[in-house]
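Participant: can't give you the sequence, but here's the structure:
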């Protein structure tokens, strides 16, 4: 099941999870962890679609830019802007 979900995530460019997707909930998700490592190895942002559940009427989308290794401490915002334009 997780393998098929991971293959869909790799093909689509984002992973779909049930629940809120908050860090505490993702911590135990093998699919989220493997997808994060996949994104990290390819220097791609991790995009997570969290399907509405538990009475929440709307889906959530989480975009984790940390796999891009942007050098967050850089004072040159053009470096960040140019990198993000690709995505």
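Facilitator: Nice, thanks for sending it over. Given the structure is predicted, the values throughout are model-derived calculations rather than measurements. Numbers count the residues shown, from 1 in each chain.
Participant: what ranges do the strands span in the chain?
Facilitator: Applying DSSP state E to the chain gives strands spanning 15-18, 46-51, 60-64.
Participant: and the last one with strand 46-51, angle?
Facilitator: Computed with axes from the mean of the first three to the mean of the last three C-alpha atoms, to 10 degrees, the direction of strand 60-64 lies at 170 degrees from that of strand 46-51.
Participant: I'd like the average pLDDT over strand 60-64.
Facilitator: Per-residue pLDDT values over strand 60-64 give a mean of 89.
Participant: so which bits of that strand are buried?
Facilitator: Of all the residues in strand 60-64, those buried under the rule 16 or more other C-beta atoms under 10 Å are 62, 64. For glycine as for every other residue, the C-beta is placed from the backbone atoms N, C-alpha and C.
Participant: tell me what it is packed against?
Facilitator: strand 46-51 (3 or more C-beta pairs under 8 Å, 6 or more residues apart in numbering; DSSP states H and E).
Participant: report the buried residues of the strand it packs on.
Facilitator: Across strand 46-51, burial judged by 16+ other C-beta under 10 Å covers 46, 47, 48, 50.
Participant: roughly how far is that strand from the heart of the chain?
Facilitator: Distance of strand 46-51 from its chain centroid, counting by C-alpha atoms, centre = their mean, to the nearest Å, is 6 Å.
Participant: rounded to a whole number, what's the mean pLDDT of that strand?
Facilitator: Computed over strand 46-51, the mean pLDDT rounds to 91.
Participant: what helices and strands are in contact with it?
Facilitator: By 3+ C-beta pairs under 8 Å, 6+ apart, strand 46-51 packs against strand 15-18, helix 30-42, strand 60-64.
Participant: nearest to residue 36, out of the strands of the chain?
Facilitator: Closest to residue 36 of the strands of the chain, according to C-beta to C-beta: strand 46-51, at 5.3 Å.
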